[in-house]
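S.K.: Structure of the sequence below:
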Amino acid sequence: MAFELAPELQRDCIELADWSLCKVLLMNDSQYPWFILVPRVEGCREIIDLDDKLQAQFWQESAQLSRTLQAVFSPDKLNVGALGNMVPQLHVHHIARFTNDVAWPKPVWGLHPAKPYTDEQIAELKKVF
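M.R.: Numbering: from 1, shown residues only. Okay, here's the model as predicted:
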């Protein structure tokens, strides 16, 4: 079987880049700089499903994304998490949070309706990745 991105992620996200292991996605909600890493490994549900080499690669890419978010957005806090209760495919959220964002200090999930990015905003973010 070939890797396929979960339909929920296809619906809710914008594909920004393919790194060595992971697909880099942007959650289409301009209220938060919200990015998602998805290892391109078929059937992967948990980080422990990756072998040791791929786990190391995953964490390197997660750190790379986190450093990029810090450099580009200067957030007050980075939220990084893998839940998978609604989308079982392994995907890890990286969200730049600010004390003045619309959800602070609560989690961003489902608190406010999404505000999609404009084409211009997406083009600018693609330049970063």
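
S.K.: Using the three-state scheme, assign the residue positioned nearest the centre of the chain.
M.R.: Central residue of the chain (CA atoms, centre = their mean): Ile36, 1.2 Å from the mean position. Reduced to three states with DSSP: H, G, I helix; E, B strand; the rest coil, the structure at Ile36 is strand.

S.K.: Any idea how many residues pack against Ile14?
M.R.: Neighbourhood size, Ile14 [other CB atoms under 10 Å]: 17. C-beta: built from backbone N, CA, C; applies to glycine.

S.K.: Specify the beta-bridge partners of it.
M.R.: With DSSP bridges as the criterion, Ile14 is bridged to Leu26.

S.K.: Okay, it and Leu111: tell me how far apart.
M.R.: Remark: distance between Ile14 and Leu111 (CB to CB, to the nearest Å) = 21 Å.

S.K.: Any idea what the residue nearest to the centre of the chain is bridged to?
M.R.: Beta-bridge partners of Ile36, counted by DSSP bridges, are Leu25, His93.

S.K.: Show the pLDDT at it.
M.R.: We have a pLDDT of 98 for Ile36.

S.K.: Ala2 now?
M.R.: 87.

S.K.: buried ones in the top helix by length along the chain?
M.R.: Criterion DSSP state H: the longest helix present in the chain is helix 52-73. For helix 52-73, the buried set under the neighbour-count rule, 16 or more other CB atoms under 10 Å, comprises 54, 57-58, 61-62, 64-66, 68-69.

S.K.: Please, which helix or strand holds the closest residue in space to Asn79 that isn't next to it in sequence?
M.R.: Leaving aside its chain neighbours, Asn79 sits nearest to Ile95 (4.3 Å; criterion: CB to CB, 6 or more residues apart in numbering). Element membership for Ile95, per DSSP states H and E: strand 92-97.

S.K.: Dump that strand to CSV, restricted to CA.
M.R.: Output in CSV follows, covering the C-alpha atoms of strand 92-97 (Å, rounded to 0.1, in the frame of the first residue of the first chain):
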residue,chain,number,x,y,z
VAL,A,92,1.7,15.9,15.2
HIS,A,93,0.4,19.4,15.8
HIS,A,94,2.9,22.3,16.2
ILE,A,95,1.0,25.4,17.1
ALA,A,96,2.6,28.8,17.8
ARG,A,97,0.5,30.3,20.6
